[in-house]
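*Asks:* A structural model of the following input is requested.
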Amino acid sequence: MDIVWYGLSCFRITERGKTTVITDPYAPGLGIEPAGTMKTDVVTISHDAVGHSNMEFIKGEPYTLATPGEYEIGGTFITGLPLHFADEERRHYNVGYLVNYDGLTVFHAGDLTHIPEQRVVEGLGEVNVLLLPVGGGGALNASQASEVVALVEPNYIVPMHYALPSLQFALDDVDKFLKTMGVSNVQEDDMLRVSSTDLPEQPQVVLLQPNI
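*Replies:* Purely as a prediction, here's the structure:
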């Protein structure tokens with residue numbers, strides 16, 4: 001399984017011979033843009049906002065998932081999980097998506113704003129790759145994100161939704177998350193390639209360079 005990041009919460013997730021998934025495509029005008037339009041079989045949308053639900057950069061007519069549910073598309077199982085949040089001051093709709101390629105799993109937490117209950121985390125099962133917001137701005141901040149990591153216990157953690165040099169709105173730098181996690185030497189790459197036969201025993205943070 002290969003994972004490429006386009007900035008914010010937008011990734012392309014691919015597996016040879018399987019369904020290609022793009023998550024949370026964002027609108028132009030935010031200071032960053034993907035390096036060209038993107039072709040995919042499925043687009044997942046965590047919630048309706050300019051940073052998470054714009055189809056302008058997407059080629060063709062892919063399946064678009066924007067609600068909780070269980071889906072099978074091209075032999076790939078995708079589960080949309082309701083991760084909404086509400087209190088006296090705020091109501092926030094958010095759907096996370098678990099993509100399962102024959103037992104190799106990646107969970108995109110969407111615009112997660114709170115630490116989920118234990119029963120929700122247990123419902124995920126084994127998560128090999130966790131794509132997690134870490135930069136605040138309405139989503140998880142560094143300390144909250146580290147708590148989610150401890151609950152989920154994935155093999156890989158890929159931070160998303162954090163500050164980039166040209167971004168037109170304020171988010172925290174990813175270094176805050178790395179410091180909270182106690183990570184000093186972090187793997188950096190243009191793409192994360194994951195194999196079910198070569199998973200790290202301890203959770204490993206990977207910083208992806210945005211394809212913008």
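
*Asks:* please count neighbours and contacts with C-alpha atoms only from this point.
*Replies:* Fine.

*Asks:* spit out the contact partners of residue 36.
*Replies:* Applying C-alpha atoms under 8 Å, 6 or more residues apart in numbering to residue 36 gives the contacts residue 57.

*Asks:* hmm, I typed the wrong one, I wanted residue 104.
*Replies:* Contacts of residue 104 by C-alpha under 8 Å, 6+ apart are 1, 128, 195-196.

*Asks:* what's the neighbour count on residue 101?
*Replies:* Residue 101 has 18 neighbours, counted by other C-alpha atoms under 10 Å.

*Asks:* returning to what we had before: quick one: buried ones out of the contacts of residue 104?
*Replies:* Buried by 16 or more other C-alpha atoms under 10 Å: 1, 128, out of these.

*Asks:* looking at the contacts of residue 104, which has the smallest pLDDT value?
*Replies:* Minimum pLDDT for the contacts of residue 104 is recorded at residue 196 (91).

*Asks:* any idea how far that one is from residue 23?
*Replies:* Using C-alpha to C-alpha, to the nearest Å, residue 196 is found at 22 Å from residue 23.

*Asks:* again, but for residue 46
*Replies:* Between residue 46 and residue 23 the computed distance is 8 Å (C-alpha to C-alpha).

*Asks:* for the closest residue to residue 173 other than its chain neighbours, give me phi and psi.
*Replies:* Among residues not flanking residue 173 along the chain, residue 163 sits closest, at 5.0 Å (C-alpha to C-alpha, 6 or more residues apart in numbering). Main-chain dihedrals, residue 163, degrees, to the nearest 10: phi -60, psi 140.

*Asks:* which residues touch residue 163?
*Replies:* Contact partners of residue 163, counting by C-alpha under 8 Å, 6+ apart, are 135, 170-174.
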